[in-house]
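**Q** next comes the sequence, and after it the predicted model I'd like to discuss.
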Amino acid sequence: MPDTALLIVDLQSALLVGAHDAEGCLARVAGLAARARAAGAPVFYLRQRVEIPGVAAELLDVHPAVAPQPGDAVLDKDSADAFLDTPLDAALRERGVRRVAVAGFATEYCVDSTGRSALSHGYDLVLVADGHTTPARPADSPLPTAEQAIVHHNAVFATILYAGRTVQVLPAEAVDFTTGAVTGQGRRDPGAGWGRGS
């Protein structure tokens, strides 16, 4: 069995309303999940427990475009960090996982927190450069645009240092579930496309 798992974070219908390039992100993650399954790699869905007044419960579930398939794992969480107070770490170790590919919503919250926590828990990391998104901002917002936030986080993870860990930032099409995890500190391929917004 491959030692890389795919973690799909918070791609829930209600949360994605107003997200930057949501349809494109969903399509890329759906394709990535299909390739992971075909390679025999485990696919984990992390689902934020949240109540939004007036929003139907089914809209708080995983978006149909990336719906879990038989054999996938779905874990609920209460924090931005998908490892905190969840069985995720134990489930990954049980399956012999050494590297995780992280995709989902939202870039600077749950995707960022889960990626960093994976590294702190001893896993190598692939951040899927065009597989994460965040809410679009109005034109007069003082915050960076969604596209700028995505580019910024891809750039940070492309250069961040975690001792003994490999960190890669790759577009979905370049993520390979058939090769083993690499030990040591990784470096991005300048042509890997980490600077592209999703």
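**A** Right, received. Where do you want to start?

**Q** any low-confidence regions in the chain?
**A** By pLDDT under 70, the low-scoring segments of the chain are 180-198.

**Q** what's the longest helix in it?
**A** In the chain, taking DSSP state H as the definition, the longest helix is helix 22-38.

**Q** which other helices and strands contact that one?
**A** If you count contacts as 3 or more Cβ pairs under 8 Å, 6 or more residues apart in numbering; DSSP states H and E, helix 22-38 packs onto strand 4-9, strand 43-48, strand 99-105, strand 124-133. Using the backbone N, CA and C atoms, a C-beta is placed for each residue, glycine as well.

**Q** reformat these into TSV and put distance to residue 170 next to each item.
**A** Below are these laid out as TSV (distance: least, Cβ to Cβ, whole Å):
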stretch	distance to residue 170
strand 4-9	12
strand 43-48	17
strand 99-105	8
strand 124-133	6
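
**Q** show me the helices in the chain, by range?
**A** 22-38, 88-94, 112-120, 146-159.

**Q** between those, which gets nearest to residue 105?
**A** When those are compared by Cβ to Cβ, helix 22-38 sits nearest residue 105, at 7.9 Å.

**Q** tell me how far that closest one is from the chain's mean position?
**A** Averaging C-alpha positions (Cα atoms, centre = their mean, to the nearest Å) puts helix 22-38 11 Å from its chain's average.

**Q** do the same with stretch 43-51
**A** On Cα atoms, centre = their mean, the centre of stretch 43-51 falls 12 Å from that of its chain.

**Q** what's next to it, contact-wise?
**A** With contact meaning Cβ atoms under 8 Å, 6 or more residues apart in numbering, stretch 43-51 is reached by 5-12, 14-15, 33, 36-37, 60-62, 68-69, 71-78, 82, 86, 88, 91-92, 104, 110, 114.
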